[in-house]
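Q: one predicted model, sequence on top.
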Amino acid sequence: MQSKVSSGTVHKIPADVRKMLLSSPKAHTVWEDITPLARNEWICWMTDGKKAETRDRRIQVGRSKLMQGDRRPCCWAGCAHR
């Protein structure tokens with residue numbers, strides 16, 4: 001099993017997102033294939049929620065979307081930290 005998980009352009013990979021990616025080889029493969037800017041947007045979208053429940057839900061939705069091959073979070077204005 002691979003243990004390397006690439007970060008975004010600004011955001012480092014949080015432990016809970018890293019754990020999700022390492023537990024899902026298909027999502028991890030897509031993650032490593034997208035650009036650092038796209039990874040940055042995924043990280044920001046997943047971790048931007050104010051409540052823990054929102055963050056957990058976004059991480060699970062992100063996992064599902066990555067497994068489907070989505071390369072960017074849908075319906076989100078983008079990371080303000082570019």
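A: The structure has been received and is ready for your questions.
Q: read off the pLDDT value for the residue nearest the centre of the chain.
A: Central residue of the chain (CA atoms, centre = their mean): residue 42, 3.9 Å from the mean position. Looking at residue 42, its pLDDT reads 94.
Q: ditto for residue 2
A: pLDDT, the model's per-residue confidence, is 63 for residue 2.
Q: then the one 10 residues further on?
A: In the predicted model, residue 12 carries a pLDDT score of 92.
Q: returning to what we had before: for the residue nearest to the centre of the chain, give me its contacts.
A: 8, 17, 31, 34, 62, 66, 72, 73 (CB atoms under 8 Å, 6 or more residues apart in numbering). Just so you know, the C-beta spots here come from the backbone N, C-alpha and C atoms, and that holds for glycine as well.
Q: give me that answer again for 7 Å
A: Contacts here follow CB atoms under 7 Å, 6 or more residues apart in numbering; on that basis residue 42 touches 62, 73.
Q: same check on residue 37?
A: With contact set as CB under 7 Å, 6+ apart, residue 37 has these partners: residue 9.
Q: what's the following helix or strand after the helix or strand harbouring it?
A: The secondary structure element spanning residue 37 is helix 36-47 (assigned by DSSP states H and E). Toward the C-terminus, helix 36-47 is succeeded by helix 52-67 as the next helix or strand (DSSP H and E).
Q: where does this structure have its least confident helix or strand?
A: Ranked by mean pLDDT, DSSP states H and E, the helix or strand of the chain with the weakest confidence is helix 36-47, at a mean of 93.
Q: how about the nearest residue to residue 7, chain neighbours excluded?
A: Closest residue to residue 7 in three dimensions, ignoring its sequence neighbours and counting by CB to CB, 6 or more residues apart in numbering: residue 13, at 4.8 Å.
Q: then residue 80?
A: Excluding the flanking residues, the one nearest residue 80 by CB to CB, 6+ apart is residue 44, at 7.6 Å.
Q: same question for residue 3.
A: What sits nearest to residue 3 in space, not counting adjacent residues and going by CB to CB, 6+ apart, is residue 22, at 6.7 Å.
Q: show me what contacts the nearest residue to residue 78 once chain neighbours are set aside?
A: In space, residue 78 comes closest to residue 41 once its chain neighbours are excluded; the distance is 5.8 Å by CB to CB, 6+ apart. Under the criterion of CB under 7 Å, 6+ apart, the neighbours of residue 41 are 72, 73, 78, 79.
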